[in-house]
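Colleague: Quick one, structure for this:
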Amino acid sequence: MRPDAIRDQVAIIGAGCTRFGEHWDKGFEDLAVEAAYEAYEDAGIDPRAIEALWVSSCYSIRFFPAILKFANIAVT
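Modeller: Below you'll find the predicted structure:
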C-alpha cells in the first residue's frame, strides 16, 4: 500500500437512513435531513464536526449538487 494512503485516517462513525415506505408528503431535502440527523445521533456528534460525507441514493446523480449545497459542503 502507498505510504500516503488514507486507510488508517478515515472512520465511519455514524450512519442514518430514512424509513422505508412512501413519503409523498416529504421532499428530497426532508429525507436527506432525516437521514443526516439519524447519522449525527448515531455518531454522538454535532453536525458542525463533519469533515466529509458519503451519500448514496437510488436517485440519479443530478440530486448530489442539491445534497452538497444543503449540507454546505464545497466540492474540492
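Colleague: Ranking helices and strands of this protein by mean pLDDT, which lands last?
Modeller: helix 64-70 (a mean of 66; mean pLDDT, DSSP states H and E).
Colleague: what about residue 42, which helix or strand?
Modeller: helix 28-43 (DSSP states H and E).
Colleague: Would you mark the buried spots in that helix?
Modeller: By 16 or more other CB atoms under 10 Å, the buried positions in helix 28-43 come out as 31, 32, 33, 34, 35, 36, 38, 39, 40, 43. Backbone N, C-alpha and C define where each C-beta goes, glycine included.
Colleague: who's in contact with the fifth one?
Modeller: With contact taken as CB atoms under 8 Å, 6 or more residues apart in numbering, residue 35 is in contact with 16, 17, 18.
Colleague: List the residues that contact the nearest residue to residue 35 once chain neighbours are set aside.
Modeller: Excluding its sequence neighbours, the residue lying closest to residue 35 (CB to CB, 6 or more residues apart in numbering) is residue 16, at 4.4 Å. Applying CB under 8 Å, 6+ apart, one finds that residue 16 lies in contact with 34, 35, 36, 37, 38, 39, 40, 41, 42.
Colleague: Sweet, I'm off.
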